[in-house]
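Trainee: Kindly return the folded structure for what I paste below:
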Amino acid sequence: MKQWLLIGALALVVGLPAAMADVYTFTYTGINNTSVVGSGTFTTGPAYHSGDPNSYLPIVSITGTTSSGAILGLDTASGPGVEPPNYVNDWNTAFGYDNAFKPTGANPFASGGLVFYVPPGLTGTAPYNAINIYGDGNGNTYEYSYAENGNPPGNPPGGNQITFTATLTPEPGFYGVLALGLSGLFVSVRRRRRA
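Mentor: Coordinates of the predicted model:
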């Protein structure tokens, strides 16, 4: 009986924090142009400043769909993202990016922002194959895509103001560890009652 209680408690105490995911479900919708939409999931790596709730998190992968089509992947043509306010330039897509996300506060993205590919992807004629989600530092978030705005390469970028939400979602392993821990506790309580 004690071993079941110990197994259940250890699974809950040790396993649950380790199983917590860094996967976010996101959606965005244009404020003035409601045809601009997107949704999906992105995965973040460890915070740039561990333990700081205001630290940016590097985005390491993304999937989903937008009004321009399926999200084909993260732009890392100039290397991985960097900690804002720094950013790297991808001259193929005509965007600078940091691919970093802040889960707290009014500004989820810095001015570099997130850049991801949409059809036709890397085989298309740049810069028509990328979308940039970025912030203006005043709590406003924007989406910019040459394809959606109809601008040819070299024109000054603009953007559609959007509402952007992202919610942390547990990994499937989270539920497995939770079930294991609760099962152990249930078996322990049941055996104790029978005794």
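Trainee: quick one, domains of this structure?
Mentor: 1-21+172-195, 22-169 (automatic domain parsing).
Trainee: Worst mean pLDDT among these?
Mentor: Ranked by mean pLDDT, those bottom out at domain 1-21+172-195, with a mean of 55.
Trainee: now the end-to-end length of stretch 103-118.
Mentor: 24 Å (CA to CA, to the nearest Å).
Trainee: Any buried residues in that stretch, and which?
Mentor: 103, 107-110, 112-118 (16 or more other CB atoms under 10 Å). (Each C-beta comes from the backbone N, C-alpha and C, glycine too.)
Trainee: from the residues you listed, which is closest to residue 68?
Mentor: residue 118 (4.3 Å; CB to CB).
Trainee: In this structure residue 112 contacts residue 90, no?
Mentor: No - when contacts are counted by CB atoms under 8 Å, residue 112 is not listed as touching residue 90 (10.6 Å).
Trainee: what sits in contact with each of those two?
Mentor: Common neighbours of residue 112 and residue 90, counting by CB atoms under 8 Å, 6 or more residues apart in numbering, are 96-97.
Trainee: Out of the buried residues of stretch 103-118, which sit inside strands?
Mentor: With strands defined by DSSP state E, the entries of the buried residues of stretch 103-118 inside them are 114-117.
Trainee: Just give me the closest of the residues you listed to residue 57.
Mentor: Distances from residue 57 to these, taken by CB to CB, are shortest for residue 114, at 11.4 Å.
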